[in-house]
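# got a structure for you, letters missing:
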């Protein structure tokens with residue numbers, strides 16, 4: 001009895017729908033992160049099933065620099081170590097995107113007729129907004145007034161401009177809809193077995209690697225149907241090199257490209273394939289030095305010094321005994337980062353700045369800060385850094401970063417900083 005009820009429900013449900021347009025063709029759209037998966041015309045509504053794919057933090061960082069060319073150029077002029085450290089601090093702050101649908105949205109026919117927004121499911125209606133996580137997919141439905149029969153191409157308009165006041169609006173132009181003038185013929189009743197068998201999409205996924213090092217590569221992948229000049233889909237992989245496409249059983253041509261690598265083209269005939277497939281790609285390095293990519297360099301640094309500003313680093317892990325200037329052994333790891341930075345940038349000159357809290361005699365504090373700054377300089381010289389590249393200065397308690405009100409704040413004021421000259 002349970003099986004019969006399930007089959008009967010699915011049969012009625014399937015037949016109850018009118019016209020259905022799967023993956024409708026779109027002439028133009030305002031954003032690449034939102035898709036129309038299906039349009040269903042029922043007795044009461046035109047239902048647009050949509051999907052939003054949020055960007056990765058890496059993509060958001062790249063987008064930020066593309067929108068701020070002056071900042072990007074400023075970063076390029078910095079020394080690599082400083083640039084990497086600043087970008088690494090920026091990366092976790094990327095995100096905070098939100099989505100919603102405007103209640104003023106509408107469908108517009110070619111003759112100008114409008115079919116207004118009614119409601120939405122699984123997405124807030126503005127001014128309410130939903131905060132989205134990076135690299136997540138969000139599925140939702142938007143309900144409009146039912147299209148009149150015979151309207152087979154519409155625009156989905158959320159805003160009168162594609163972008164305004166920092167907001168991107170989902171505008172789709174020339175969306176083809178299955179909506180003949182005669183109305184839809186009753187859908188053929190199909191049992192669940194037939195519905196399952198009709199599933200023709202599957203996932204093609206894998207990673208992009210450097211052919212020499214086997215390290216993952218962040219690459220752009222363009223997927224095209226063989227014989228079709230237009231791209232079927234495209235994406236930019238994250239630093240892991242991972243990609244994923246939802247494809248149908250057809251023959252495809254994949255073009256993979258990345259800065260510093262030769263473009264790679266791979267033909268894949270999936271016309272007889274019915275299940276998910278894994279396919280990795282390997283790129284050949286071109287063997288020449290490329291211009292620094294400030295977006296990618298943010299991903300290479302694992303442990304960094306604290307960046308105060310574009311010319312100042314703070315060494316939070318350099319330690320001394322109370323009232324003394326001898327460097328404690330556990331400080332060497334932090335100091336070695338400074339050594340590495342200076343060896344990578346032979347023309348760099350720095351000043352080591354010593355600071356104390358306000359406890360005790362001010363003059364003695366200044367002497368102690370000078371001795372500690374000199375001790376750091378001596379260590380850098382002992383590691384091969386030329387003496388004329390490293391100055392030192394003690395500031396005592398004259399430049400606190402916080403108020404010295406308690407021990408926690410005083411600890412922050414006891415510090416060593418590096419100023420790039």
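Everything's here; your move. Everything numeric here is computed off the predicted structure, so don't read it as measured data. Residues are numbered from 1 along each chain as shown.
# all helices of the stretch 101-250 of the chain, in order?
Ranges of helices within the stretch 101-250 of the chain are 192-197, based on DSSP state H, counting those that start in this stretch.
# which residues of it score low on pLDDT?
With pLDDT under 70 as the threshold, the stretch 101-250 of the chain has low-confidence stretches at 166, 183-200, 227-232.
# go with 80
Per-residue confidence of the stretch 101-250 of the chain (counting by pLDDT under 80) places the weak regions at 134-135, 164-167, 182-202, 211-212, 214, 226-234, 238.
# how's this protein carved up into domains?
Domain assignment for the chain, taken from automatic domain parsing, gives 2-54+97-193, 198-283, 305-420.
# Dump those domains into JSON lines; add distance to residue 70 as well.
The way it works is simple: take the backbone N, C-alpha and C, and place the C-beta from them, glycine included. Listed next are the domains of the chain as JSON lines, based on distance: least, C-beta to C-beta, whole Å:
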{"stretch": "domain 2-54+97-193", "distance to residue 70": "18"}
{"stretch": "domain 198-283", "distance to residue 70": "21"}
{"stretch": "domain 305-420", "distance to residue 70": "14"}
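# any chance of the ones you listed in a markdown table, with distance to residue 88 and mean neighbour count too?
As requested, the domains of the chain are exported to a markdown table (distance: least, C-beta to C-beta, whole Å; neighbours: other C-beta atoms under 10 Å):
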| stretch | distance to residue 88 | mean neighbour count |
| --- | --- | --- |
| domain 2-54+97-193 | 16 | 15 |
| domain 198-283 | 12 | 15 |
| domain 305-420 | 9 | 16 |
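# Can you report phi and psi for the residue of the chain positioned farthest from its centre?
Seen from the C-alpha centroid of the chain, the residue lying at the greatest distance (C-alpha atoms, centre = their mean) is residue 361, 51.5 Å away. Note on residue 361: its backbone torsions stand at phi -70, psi 130 [degrees, to the nearest 10].
# do you know how far it is from residue 286?
In this structure, residue 361 and residue 286 are 62 Å apart, going by C-beta to C-beta, to the nearest Å.
# and the residue farthest from the centre of the chain, how far is that from residue 340?
As for residue 361, its distance to residue 340 is 37 Å (criterion: C-beta to C-beta).
# Residue 407 too?
33 Å.
# what's the residue at minimal distance from the centre of the chain in contact with, if anything?
Nearest to the mean C-alpha position of the chain, counting by C-alpha atoms, centre = their mean, stands residue 56 at 2.1 Å. Going by C-beta atoms under 8 Å, 6 or more residues apart in numbering, residue 56 touches 134, 135, 238.
# Regarding the closest residue to the last one other than its chain neighbours, what are the backbone dihedral angles?
By that I understand residue 238. Distances taken as C-beta to C-beta, 6 or more residues apart in numbering place residue 56 nearest to residue 238, at 5.0 Å, with adjacent residues excluded. Listed backbone geometry of residue 56 is phi -70, psi 160, with angles given as degrees, to the nearest 10.
# Kindly report the same for residue 392.
Its backbone dihedrals place residue 392 at phi -150, psi 150, with angles given as degrees, to the nearest 10.
# for it, which residues make a bridge with it?
According to DSSP bridges, the residues that bridge with residue 392 are residue 352.
# mind listing what it touches?
Going by C-beta under 8 Å, 6+ apart, residue 392 touches 351, 352, 353, 354, 370, 373, 374, 376, 377.
# Nearest to residue 170 among the residues you listed?
The shortest gap between residue 170 and any of these belongs to residue 353, at 51.4 Å (C-beta to C-beta).
# My read is that residue 233 contacts residue 244, right?
No. Applying C-beta atoms under 8 Å, one finds residue 233 not in contact with residue 244, separated by 10.4 Å.
# tell me the strands in the stretch 51-200 of the chain, going along the chain?
98-99, 106-109, 114-121, 130-131, 137-145, 153-157, 163-164, 167-168, 172-176 (DSSP state E, counting those that start in this stretch).
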